[in-house]
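Asks: just coords:
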């Protein structure tokens, strides 16, 4: 009672939706799946939440206790194969322990005492049918969880301030651990004048029109910076593992909410295990009365080049001609979407080739994509969850046709639960990123062509307003009609 149930067509989608809900609300997403194949189906979603560090609780069941290990239907020890992907994995057999185990699972998922991420709990069916003794329904297990905010060490703040305010070309790169620290980050950038790069993990934290944003000169900024400040961001493949081949002789200051954000690949001159907002505030307090040595000409030059590239791209996107095959170019479609995308809109980008275009072609304050696991197929489930969690914001799913196919049936879920999501499928009849690689590398294409299926006809079959648009000049009116029908 009091909990909204959103039933889906596949367990992967259930976990994807819980994942998106957690990312957008900052709270906990919950997925309930059946035993056996339900859990194995869910594992791709669990793996994605594990890599993304999304706070998701997965619930399932097992056969009655008396039938364990006797060949009962769906008699599997789920915890053994989900444990490597979760922060907590338990089978709770005693009704007396249900509330405290759930309390612990939620705490682990939210990152209390460690990294946030998925937690898994299952229950034998006879335990599910039992009652928790009233004496054990303790208020302490029912309180909302508020993860503690780690305060920075004063000495570390002093040392970080000395480095940052002495740097000539400081660069700030934010990640997942910086979410919720937007105001503190804006104060920090205003005080230091540092250049700034966001990532998919923290997109929208700093407005695109901020003078520190230099995303379109990313390679130059990383190569010329003499100090790199990472905020809750791992130095993974997207940041070249912090390699000197990319970052040169730059020094690092690592600020992380968890240990993994402090010492992966490159240790900083200073490492601060602390809440990002508190750490930034402590650094500014430690530097009170001191002027930053930032070379404003360097930052302004990067910003001017960034602004020029963005402006040029925006103008060329809208005028991009059709491809050699006569079909609409992705840039033309993205320009039409950007024209109707509100400032507070949420974009879910999915696919391979489609994602590559959307990541740079669309600007939004809310953004989700397959993440560093490369988990294509999240588009429609993420979009449904986003539209239900944020009903006052427009949600656009921009997906390739290959990625759409993974969870295309979830458009039925969108209809049944009246999720006001707009799904735009870039249909090129192929796994295009693979087609290109095969053509360049091998000179022939094998096993990567799809048909130009009429996905709009499928959507109409489930009761959605849907159109197949084949001419670029028809895009604005089609998008207007789609938005009106949500």
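Replies: Received the coordinates, thanks. This structure is a prediction, so every number in the text was calculated from the model and none was measured.
Asks: got the residue ranges for the strands in the stretch 351-486 of the chain?
Replies: Listed from the start of the chain, the stretch 351-486 of the chain has strands (DSSP state E, counting those that start in this stretch) covering 366-368, 395-400, 421-426.
Asks: Also the chain?
Replies: Along the chain, counting by DSSP state E, strands occupy 29-32, 56-62, 88-91, 119-124, 170-174, 195-197, 227-231, 251-256, 270-273, 346-350, 366-368, 395-400, 421-426.
Asks: Tabulate the ones you listed (TSV), appending distance to residue 108 and mean neighbour count.
Replies: For glycine as for every other residue, the C-beta is placed from the backbone atoms N, C-alpha and C. TSV is the format used below for the strands of the chain (distance: least, C-beta to C-beta, whole Å; neighbours: other C-beta atoms under 10 Å):
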stretch	distance to residue 108	mean neighbour count
strand 29-32	14	22
strand 56-62	9	25
strand 88-91	4	20
strand 119-124	5	25
strand 170-174	25	27
strand 195-197	31	27
strand 227-231	24	28
strand 251-256	18	25
strand 270-273	18	22
strand 346-350	27	28
strand 366-368	23	22
strand 395-400	29	29
strand 421-426	31	24
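Asks: For residue 150, which of those strands is the nearest?
Replies: If you check each of the strands of the chain against residue 150 by C-beta to C-beta, strand 270-273 wins as the nearest, at 6.3 Å.
Asks: So which residues lie in contact with the closest one, not counting its own?
Replies: Contacts with strand 270-273, where a contact means C-beta atoms under 8 Å, 6 or more residues apart in numbering, come from 150, 152-153, 156-157, 159-160, 163, 253-259, 262-263, 279.
Asks: hmm, 6 Å instead?
Replies: With contacts defined as C-beta atoms under 6 Å, 6 or more residues apart in numbering, strand 270-273 is touched by 152, 156, 159, 160, 253, 254, 255, 262, 279.
Asks: what would those look like in CSV with pLDDT?
Replies: CSV is the format used below for these (pLDDT from 0 to 100):
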residue, pLDDT
152, 96
156, 97
159, 98
160, 98
253, 98
254, 98
255, 98
262, 93
279, 98
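Asks: Closest one to residue 305 out of the residues you listed, please.
Replies: The shortest gap between residue 305 and any of the contacts of strand 270-273 belongs to residue 253, at 25.0 Å (C-beta to C-beta).
Asks: For that closest one, give its distance to residue 427.
Replies: Using C-beta to C-beta, to the nearest Å, we find residue 253 at a distance of 46 Å from residue 427.
Asks: same thing with residue 98?
Replies: According to C-beta to C-beta, residue 98 stands 48 Å off from residue 427.
Asks: now do residue 369
Replies: Summarising the geometry, the distance separating residue 369 from residue 427, computed by C-beta to C-beta, is 19 Å.
Asks: for residue 15, same thing?
Replies: Note on residue 15: its distance to residue 427, by C-beta to C-beta, is 27 Å.
Asks: So between the two, which is more surrounded?
Replies: Of the pair residue 15 and residue 427, residue 15 is the one with more neighbours under other C-beta atoms under 10 Å, namely 30 against 24.
Asks: The nearest residue to that one once chain neighbours are set aside: neighbour count?
Replies: Take residue 15 and drop its neighbours on the chain: the residue closest to it by C-beta to C-beta, 6 or more residues apart in numbering is residue 45, 2.7 Å away. Taking other C-beta under 10 Å as the criterion, the count of residues near residue 45 is 30.
Asks: Tell me the one of the contacts of strand 270-273 nearest residue 462?
Replies: The shortest separation between residue 462 and any of the contacts of strand 270-273 is 46.6 Å, and it belongs to residue 255 (by C-beta to C-beta).
Asks: got a list of what that closest one touches?
Replies: Residue 255 is in contact with 231, 272, 279, counting by C-beta under 6 Å, 6+ apart.
Asks: Please repeat the previous calculation with a cut-off of 7 Å.
Replies: Taking C-beta atoms under 7 Å, 6 or more residues apart in numbering as the criterion, residue 255 is in contact with 229, 230, 231, 232, 272, 274, 276, 279.
Asks: Could you do residue 195 as well?
Replies: For residue 195, the contacting residues are 171, 212, 214, 221, 299, 302, taking C-beta under 7 Å, 6+ apart as the criterion.
Asks: now with 10 Å?
Replies: Taking C-beta atoms under 10 Å, 6 or more residues apart in numbering as the criterion, residue 195 is in contact with 169-173, 189, 211-215, 217, 220-222, 224-225, 228, 294-295, 298-303, 306.
Asks: I'd like to know which of those are part of helices.
Replies: Those of the contacts of residue 195 mapping onto helices are 189, 220, 221, 222, 224, 298, 299, 300, 301, 302, 303, 306, per DSSP state H.
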